[in-house]
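Visitor: how would this look folded up:
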Amino acid sequence: MQIRIVIVEITGEINLGSICRLMKNFGFDELYLVNPQLDLDKLSTAYGFAMHAKELLKDIKVVTSLEEACANVETIIGTTAIVASAISNPLRVPIPPEELENMIDLSGKTAIIFGREGTGLTNEELNNCDVVVTIPSDSEYPTLNIAQAAAIILYSIFRVKKGRKHARFRAASQIEKDKLFEYFSMLLEKIGFMEAKRPIAERIFRNIIGRAFISGRECHTLLGVFRKLVSL
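Guide: Purely as a prediction, here's the structure:
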């Protein structure tokens, strides 16, 4: 299992150091920062909180966009504290961390995206994710600190990693899934689906494929079906 941790516009040294320590605790070693809002040359506090994970701070990859951070990744998992109904906002219909155990079961690289400490990930950023995870919490104060959220999610993934020595299938690549989404959009157009509602239908289809974590063989079978339907 290949996991890449991505944090968007992090501002706090304590959070950065704490997340590095958590990554070391649970066996992850690839950290990308998208537009970090702190001086990476002056991280004395972060080094203090990282403890025995200082090498992760030294090996941080810094990029300017989420697209760059997710290069060569087959599956993108976003995180959010803001949830909604499938009708009001299909982008923010998440799964709880425990469901990751049933989903991360394929080979290939997976990116876990953590948003900004104050505002999280935007709708546009979530739209690029295959699936979104949230940690259930009390409605009076539903937002966890980013390091606390990372602890729960990384532990949930560690349980999968520890319990399974070999992946059972090859994950569908991002190129394969993008082709599937393209055919679905073509199919909506062919059947005359309401243009105003197409983005919602496309997002819901993407949610389904993301939660399914389909294999390459499954994706190719669906592509064959969709290709036939579009050509009718």
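
Visitor: all strands of the chain, in order?
Guide: 2-8, 31-34, 61-63, 75-79, 106-107, 109-114, 131-133, 169-170 (DSSP state E).

Visitor: adding mean pLDDT, write those strands out as CSV.
Guide: CSV is the format used below for the strands of the chain (pLDDT from 0 to 100):
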stretch, mean pLDDT
strand 2-8, 94
strand 31-34, 97
strand 61-63, 97
strand 75-79, 90
strand 106-107, 55
strand 109-114, 92
strand 131-133, 88
strand 169-170, 68
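
Visitor: just name the most buried of these.
Guide: Neighbour counts (mean count of other CB atoms under 10 Å) averaged over each of those peak at strand 75-79, with a mean of 25. Using the backbone N, CA and C atoms, a C-beta is placed for each residue, glycine as well.

Visitor: domain parsing for this protein?
Guide: 2-169, 172-231 (automatic domain parsing).

Visitor: re the thing from before, of all the strands of the chain, which lies closest to Cys219?
Guide: Closest of these to Cys219 is strand 169-170, at 9.8 Å (criterion: CB to CB).

Visitor: can you pull the contacts of the most centrally placed residue in the chain?
Guide: For the chain, the residue lying nearest the average C-alpha position, counting by CA atoms, centre = their mean, turns out to be Ile77 (1.4 Å). For Ile77, the contacting residues are 100, 110-113, 129-133, by CB atoms under 8 Å, 6 or more residues apart in numbering.

Visitor: Lys42: which of those is nearest?
Guide: The nearest member of these to Lys42, counting by CB to CB, is Ile113 at 25.6 Å.

Visitor: quick one: the closest residue to Ser185 other than its chain neighbours and Gly118, what's the gap?
Guide: Distances taken as CB to CB, 6 or more residues apart in numbering place Glu202 nearest to Ser185, at 5.9 Å, with adjacent residues excluded. Applying CB to CB, to the nearest Å, the value for Glu202 to Gly118 is 30 Å.

Visitor: measure the closest residue to Pro36 other than its chain neighbours to Ala150 for me?
Guide: Leaving aside its sequence neighbours, Pro36 sits nearest to Ile10 (CB to CB, 6+ apart; 5.3 Å). As judged by CB to CB, Ile10 and Ala150 stand 11 Å apart.

Visitor: and those two? Which one has more around it.
Guide: Ala150 (24 against 21; other CB atoms under 10 Å).

Visitor: OK, contacts around that one?
Guide: Applying CB under 8 Å, 6+ apart, we find Ala150 in contact with 5, 18-19, 22, 114.

Visitor: pretty sure Ala147 contacts Ser18?
Guide: Yes: counting by CB atoms under 8 Å, Ala147 does reach Ser18; the two are 4.0 Å apart.

Visitor: tell me where the protein has helices.
Guide: Under the criterion DSSP state H, the chain contains helices at 13-25, 44-50, 54-58, 66-69, 100-103, 123-126, 146-163, 174-190, 198-212, 216-231.

Visitor: go through those helices and name the closest to Leu38.
Guide: Among the helices of the chain, the nearest to Leu38 by CB to CB is helix 13-25 (6.2 Å).

Visitor: how far away is the residue lying closest to Glu74 once chain neighbours are set aside from Cys219?
Guide: Nearest non-adjacent residue to Glu74, counting by CB to CB, 6+ apart: Gly108, 3.6 Å away. In this view, Gly108 and Cys219 are 12 Å apart by CB to CB.
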